[in-house]
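Chemist: Any chance you could fold what I've pasted below:
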Amino acid sequence: ADRVLIVARTSPATAENRRAGLSILAVDTKSEGYSVGRKLEKIGLRSSDTAELSFVDVRVPVEDLLGEEGRGFEYLTHNLAEERLGIATSSYASAAAAVDFAKKYVQERTVFGKKVSSFQNTKFVLAECATEVEAAQSLVDRCVEALDVGELTPADAAKAKLFCTEVQARVVDKCLQLHGGYGYILEYPIARLYTDARVTRIYGGTSEVLKTIIAKDMQV
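Modeler: Purely as a prediction, here's the structure:
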């Protein structure tokens, strides 16, 4: 990248607000003292590079301040509800894709001379997964409608992300199981869905943080 956005403390926090004093800087990557370290190897999202960045006495011109000084945290959280809804939507889509992959696989795979899709357990698992996916879609749709009219609340977005990412985890895992040993092979798309799914319960607010937001909204 020619520039990277970093959050830096440009003034001390206050007793009233520990998030005060944070600013966003657009750092020129040709700046002296800037370097890119090792690429971090993740278990999923392999096509998205994550690397360590190093800043040693890097000087940033005042005109490279993004927005106003001290309002960095405010900027970062301004669209947090929309971000969480976006993660919820992608998680629902991942779960729906997993069901499609599993349905196609079990209709083609033969075990003991019978299609895997003919076994009652297979039917039950797919039925459970399809029901969860539809419930996730309904919650996402409701939140999208709320966003369209400017009524999406932080608690609503937290509920959507919490529910959809948990559904994704359960559904993708069950659909991988229906693939048997092949589900563990990266050649099959279900394997990538499985490894990519784990982080959705972490980034954009962990499931535990989301539960705290929801409980606070409930006034408990």
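
Chemist: Which residue ranges of this structure form strands?
Modeler: Under the criterion DSSP state E, the chain contains strands at 3-9, 22-28, 34-39, 51-55, 65-66, 110-111, 114-115.

Chemist: Go through these and pick out the most buried.
Modeler: strand 22-28 (a mean of 19; mean count of other C-beta atoms under 10 Å). For every residue, glycine as well, the C-beta is placed using N, CA and C.

Chemist: circling back: quick check: which of the strands of the chain is nearest to residue 87?
Modeler: Residue 87 lies closest to strand 3-9 among those, at 19.7 Å (C-beta to C-beta).

Chemist: partners of the closest one in the sheet?
Modeler: With DSSP bridges as the test, strand 3-9 is paired with strand 22-28 (antiparallel).

Chemist: Now do the partner strand: everything it contacts.
Modeler: Residues outside strand 22-28 that contact it (C-beta atoms under 8 Å, 6 or more residues apart in numbering): 2-10, 34, 55, 58, 60, 64-67, 69-73, 75-76.

Chemist: Next: stretch 172-187.
Modeler: By C-beta under 8 Å, 6+ apart, stretch 172-187 touches 94-95, 98-99, 101-102, 105-106, 109, 116, 122, 125-126, 128-129, 188, 190-194, 197.

Chemist: how about a cut-off of 6 Å?
Modeler: Outside of stretch 172-187, the residues within contact range by C-beta atoms under 6 Å, 6 or more residues apart in numbering are 98, 102, 105, 106, 125, 129, 188, 190, 193, 194, 197.

Chemist: what's the answer for stretch 52-67, then?
Modeler: Applying C-beta under 6 Å, 6+ apart, the contact partners of stretch 52-67 are 24, 25, 26, 27, 31, 33, 34, 35, 37, 38, 75.

Chemist: Could you identify the most distant pair in these?
Modeler: Maximum distance among the contacts of stretch 52-67 (C-beta to C-beta): 28.9 Å, for 38 and 75.

Chemist: For the residue lying farthest from the centre of the chain, give its distance to residue 119.
Modeler: What lies farthest from the middle of the chain is residue 113; by C-alpha atoms, centre = their mean that is 40.5 Å. Taking C-beta to C-beta, to the nearest Å as the measure, residue 113 falls 12 Å from residue 119.

Chemist: where's residue 172 relative to residue 159, distance?
Modeler: For residue 172, the distance to residue 159 - C-beta to C-beta - is 20 Å.

Chemist: So if I had to pick from these two, which one is more boxed in?
Modeler: A direct count of neighbours by other C-beta atoms under 10 Å for residue 172 and residue 159 places residue 172 higher, at 28 against 21.

Chemist: Can you name the residues that contact the residue nearest to residue 171 when sequence neighbours are not counted?
Modeler: Distances taken as C-beta to C-beta, 6 or more residues apart in numbering place residue 95 nearest to residue 171, at 4.1 Å, with adjacent residues excluded. Contact analysis of residue 95 by C-beta under 6 Å, 6+ apart lists 133, 167, 168, 171.
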